[in-house]
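Asks: here you go, sequence then predicted model.
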Amino acid sequence: MKLYTVKSSAHRAAKQAGFEKDQYEIVEVDGQFGFQPIEAAPATEAEEPVVGEFVHCPHCGIHLENGIWVHLQEVNGKEIKHKAFEYECLACGEEFGPAIAEEAPKAAPKRKIEITNHSTIERPTKTVWHIADEMVAANPQVRRKDVIAECVNRGIAFFTARTQYQKWKQNQAT
């Protein structure tokens, strides 16, 4: 590197060498000045994706480090829910990314026994015992809830059927 006594001479020499002002720097060595080219910054590696494969919002182009919402993310005690896609850009409010999987439809609720508080037939307690005898004779593995459901279907109050079935069951054990 050639050295000059005055800084302006080093600038002039750099310009004659074909450098623009932002392509060289002036260096001082023992009270004299020279110039040297500024090394080009090494090529930056491809940016790491912020979320999924995305670095920038596909809609507005802003860098996603500025913020995104994630589907089902909890913020201040509330879940963020999106309509179609997994992520939402905070800058433009548009959704992007993988599609949200649709939730499986819920199974239909099981049929419940309608609870009635009044029996509509005569002698409901005796009838529960007869129904229980009939159903166990037809199928020894019959479940308690099936017997009670049959009693309710025939017009016996739910709680009467439960109580009498239990008494019938205790009587069968002896």
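Replies: Arrived safely, thanks for sending.
Asks: let me see the domain layout of this structure.
Replies: If you go by automatic domain parsing, the domain ranges for the chain are 7-37, 47-101, 124-173.
Asks: I'd like the average pLDDT over the last one.
Replies: Mean pLDDT, computed over domain 124-173, is 93.
Asks: likewise the first one?
Replies: Per-residue pLDDT over domain 7-37 has a mean of 86.
Asks: would you mark the buried spots in that domain?
Replies: Residues of domain 7-37 classed as buried by neighbour count (16 or more other CB atoms under 10 Å): Ser9, Ala10, His11, Ala13, Ala14, Phe19, Tyr24, Phe33, Gly34, Phe35. C-beta here means a position set from N, CA and C on the backbone, and glycine is covered the same way.
Asks: between the residues you listed, which sits nearest Val70?
Replies: Nearest to Val70, judged by CB to CB, of those is Tyr24 at 47.5 Å.
Asks: surely that closest one touches Ala14?
Replies: Yes - using CB atoms under 8 Å, Tyr24 makes contact with Ala14 at a distance of 4.5 Å.
Asks: who touches the residue of the chain most remote from its centre in this structure?
Replies: In the chain, counting by CA atoms, centre = their mean, Thr5 sits farthest out from the average C-alpha position, at 68.5 Å. Thr5 sits next to Gln32, Phe33 when contact means CB atoms under 8 Å, 6 or more residues apart in numbering.
Asks: same check, this time on the one 3 residues further on
Replies: With contacts defined as CB under 8 Å, 6+ apart, Ser8 has no neighbours.
Asks: and for the one 3 residues further on?
Replies: Residues counted as contacts of His11 (CB under 8 Å, 6+ apart) are Ile26, Phe35.
Asks: mind redoing it with 7 Å?
Replies: Ile26 (CB atoms under 7 Å, 6 or more residues apart in numbering).
Asks: how about Gln170, secondary structure?
Replies: Using DSSP: H, G, I helix; E, B strand; the rest coil, the structure places Gln170 in helix.
Asks: count of residues packed around it?
Replies: By the criterion of other CB atoms under 10 Å, Gln170 has 9 neighbours.
Asks: from Ala101, how far off is it?
Replies: 52 Å (CB to CB, to the nearest Å).
Asks: could you do Thr174 as well?
Replies: To Ala101, Thr174 is 57 Å away according to CB to CB.
Asks: same question, Gly31
Replies: 72 Å.
Asks: list the contacts of stretch 85-93.
Replies: 51, 57, 59-60, 62, 66-71, 82, 94-100.
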